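Asker: Predicted model and sequence follow; I will ask about them next.
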Amino acid sequence: MGVGTDSDGQAWCQFKSVTVRVSFRRPARPWTGPRTIRNLISPFAPARHVRLRQCRRGYRCMEFVMTFGFGQYTYEVAEGWFKPPNGWTFGWIAAVACDSQDRVHVYSRSEHPMVVFDREGNFLASWGEDVLQDAHGIWIDGEDQVWCTERNTHCVRKFSPAGELLMTIGTPGQAGAEDGVPFNLPTDLDLAPNGDIYISDGYGNARVHHYSPAGELLNSWGDWGKGPGQFALSHCVRIDRYSRVWICDRENSRIQIFDLQGKFLTEWTDLAKPDTIYFHPEEDVVYIAELDQQISIYNFDKELLSQWGGRQRSARPGEFVACPHGIWVDSHGDIYVGEVQADSRLQKFLRQN
């Protein structure tokens with residue numbers, strides 16, 4: 001992408017292989033044509049990302065900047081940032097996570113279910129081809145061990161950083177009954193500070209299960225419905241730095257918050273079908289990937305800090321073809337978002353401030 005003026009006094013904006021040029025009078029006069037320019041470039045980027053500035057020698061120039069969000073949480077898109085080996089393709093990218101070295105783990109429904117890149121998008125490794133069958137949720141713990149939730153095989157698996165299988169919770173291929181017995185199409189997991197494991201069991205059961213670090217079931221809660229402690233689809237579980245358990249109750253368009261024993265504390269309503277959330281490790285900030293093509297960032301008082309997208313499908317950079325499904329933030333503050341219901345959709349948003 002480039003912007004500037006040429007010797008004929010024309011402003012130009014190049015986006016990929018498309019260049020938009022607009023002539024201006026000299027000396028500069030009050031600007032009267034932003035709508036015209038926005039209409040010219042609207043097939044390539046949202047109009048809100050166009051701004052005008054004064055150029056040298058009295059010309060007015062158009063500066064075209066792809067930014068998303070607002071306030072202190074503004075981002076640009078790193079287009080084509082990841083570089084898989086030649087011939088490799090991804091299916092639906094259900095989840096993404098970064099380890100302590102900012103290595104990006106891409107968990108997809110494809111021939112190569114777990115692919116690892118560095119933060120510049122260079123390929124590092126792949127594993128899980130002989131084990132993982134239906135990607136859904138992912139968590140990386142403090143020792144860089146990778147936990148994977150497999151929906152259709154009804155289990156959770158723990159791997160070493162190199163991809164060695166260390167533990168399986170549940171019986172692969174065997175579904176629990178729809179009366180709450182784990183697992184029936186589980187969705188995601190997280191670890192408490194003491195190492196206990198919390199698993200959302202959402203498509204076949206409307207439950208949350210609490211396990212010991214050794215994989216012993218300690219407690220379960222939840223039922224189908226719309227009341228406190230009930231779920232339409234418990235789609236993600238995350239534990240904040242105050243040891244509160246957050247559950248994305250997606251089809252009820254809300255997040256419910258519990259203590260570690262499953263006691264209901266509060267709820268956030270009127271969300272756009274929250275799929276997955278991520279917490280800033282040192283701040284009271286939550287990042288939410290919402291099924292209705294939206295990313296939202298809130299503080300813990302539910303004050304909106306930033307947001308983009310929203311109930312409009314688009315293949316333009318920074319927007320969403322289908323459904324944001326996985327979200328993670330690396331140590332630089334950059335956001336990774338994977339999508340389902342569309343192939344090979346993984347976007348990286350570079351924080352600007």
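Answerer: Noted; the coordinates are in hand.
Asker: domain ranges for this protein?
Answerer: Annotated domains of the chain cover 2-65, 78-351 [automatic domain parsing].
Asker: Format these as a markdown table; extra columns: mean neighbour count.
Answerer: No exception for glycine: its C-beta is placed from N, CA and C like everyone else's. Shown next, in a markdown table, are the domains of the chain (neighbours: other Cβ atoms under 10 Å):
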| stretch | mean neighbour count |
| --- | --- |
| domain 2-65 | 14 |
| domain 78-351 | 19 |
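Asker: least reliable of those domains going by mean pLDDT?
Answerer: Mean pLDDT values for the domains of the chain show the minimum at domain 2-65, a mean of 47.
Asker: I'd like the domains of the chain as TSV, with distance to residue 71 appended.
Answerer: Formatted as TSV, the entries for the domains of the chain read as follows, by distance: least, Cβ to Cβ, whole Å:
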stretch	distance to residue 71
domain 2-65	14
domain 78-351	6
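Asker: Output the contacting helices and strands for the helix or strand hosting residue 256.
Answerer: Assessed by DSSP states H and E, residue 256 sits inside strand 254-258. If you count contacts as 3 or more Cβ pairs under 8 Å, 6 or more residues apart in numbering; DSSP states H and E, strand 254-258 packs onto strand 245-249, strand 264-268, strand 274-279.
Asker: Apply 6 Å and report the result again.
Answerer: For strand 254-258, the elements it packs on are strand 245-249, strand 264-268, judged by 3 or more Cβ pairs under 6 Å, 6 or more residues apart in numbering; DSSP states H and E.
Asker: who touches the closest residue to residue 290 other than its chain neighbours in this structure?
Answerer: Nearest non-adjacent residue to residue 290, counting by Cβ to Cβ, 6 or more residues apart in numbering: residue 272, 3.9 Å away. For residue 272, the contacting residues are 290, 292, 294, by Cβ atoms under 6 Å, 6 or more residues apart in numbering.
Asker: quick one: the last one from residue 131, how far?
Answerer: Remark: distance between residue 294 and residue 131 (Cβ to Cβ, to the nearest Å) = 33 Å.
Asker: what's the answer for the second one, then?
Answerer: Shown here: residue 292 relative to residue 131, a distance of 33 Å by Cβ to Cβ.
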